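Asker: Below are the sequence and a predicted model; questions follow.
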Amino acid sequence: MRNLLIINGHDYFERAQGQLNNTMVKYITEFTKREYEVIHTEIIKGYHVNEEIQKFKWADVVIIQAPIYWFSLPGVLKKYIDDVFVPDVFFGKAKKFGTGGKFNEKKYMLSVTWGARKSAFNGMKDDFLEGLSEDQVLFPIHKTFEYCGFNKLPTFSTYSAMNLVELDPYIAKIEHYLQEHLFN
């Protein structure tokens, strides 16, 4: 059995209390537990750096479930990464910049929720997001994991999160996605 670490990177706000991220964590756990031993970190409940480092060492796959705030990770998740991704554990010196990652045998996946509609991405150069894809917007996050040696799985996006009327289509999509990318 393989090992899966799911990190819930939601930060609580009155207008965004975390139900969607909690629900996604619940379903990802349900869909993966037949093939993975699953452990969790819910950042807003607190964490101990050494325990988190051990979780990363243990995991074969890491899933970050988080909302995207202002085109990036919530502050609590960014601080978590700053605290946990320490030198000589996650990365070391290398002759070529960006090649000293220590987690080369591990994979990561971003499962993110956007306030934006799907149509906001991959548009025209004169659109607000200048024709960028979701992964292009998330470039710094992907580079952080790549710097530590992780191998990227495709990003899973849930759109219009603040106005989401029906979650069932996304639940079906995440189940299919996990089947395709984690059970091979």
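Answerer: Arrived safely.
Asker: only C-alpha atoms for contact and neighbour calcs from this point on.
Answerer: Fine.
Asker: Tell me where the chain is predicted with low confidence.
Answerer: Low-confidence segments of the chain, defined by pLDDT under 70, are located at 12-18.
Asker: show me where it has helices.
Answerer: Assigned by DSSP state H, the chain shows helices spanning 19-32, 49-58, 75-84, 134-137, 139-147, 168-182.
Asker: right, and those helices - which one's nearest residue 108?
Answerer: Of all the helices of the chain, the one in closest proximity to residue 108, counting by CA to CA, is helix 139-147 (7.7 Å).
Asker: what does that closest one rub up against?
Answerer: 72, 73, 91, 98, 99, 100, 101, 108, 135, 151, 152 (CA atoms under 8 Å, 6 or more residues apart in numbering).
Asker: what about the closest residue in space to residue 47 that isn't next to it in sequence, neighbour count?
Answerer: Of all residues not flanking residue 47 in the chain, residue 41 sits nearest, at 7.5 Å (CA to CA, 6 or more residues apart in numbering). By other CA atoms under 10 Å, the residues close to residue 41 number 16.
Asker: re earlier: residue 162: which of the helices of the chain is closest?
Answerer: helix 19-32 (9.3 Å).
Asker: mind listing what residue 35 touches?
Answerer: Going by CA under 8 Å, 6+ apart, the list of residues near residue 35 reads 1, 2, 183.
Asker: hang on, I meant residue 94
Answerer: Counting by CA under 8 Å, 6+ apart, residue 94 touches residue 100.
Asker: Would you mind confirming that residue 89 is in contact with residue 83?
Answerer: No. Using CA atoms under 8 Å, residue 89 is not in contact with residue 83; the gap is 12.0 Å.
Asker: surely residue 104 meets residue 91?
Answerer: No. Using CA under 8 Å, residue 104 is not in contact with residue 91; the gap is 10.1 Å.
Asker: So which of the two has more stuff around it?
Answerer: More neighbours surround residue 91 than the other of residue 104 and residue 91, with 18 against 15 (other CA under 10 Å).
Asker: Can you measure across stretch 79-88, start residue to end residue?
Answerer: Length of stretch 79-88, first residue to last, CA to CA, to the nearest Å: 18 Å.
Asker: chain center to stretch 116-129: distance?
Answerer: Between the centre of stretch 116-129 and the centre of its chain there are 21 Å (CA atoms, centre = their mean, to the nearest Å).
Asker: in it, what counts as buried?
Answerer: Neighbour counts over stretch 116-129 (16 or more other CA atoms under 10 Å) mark 116, 120, 121, 129 as buried.
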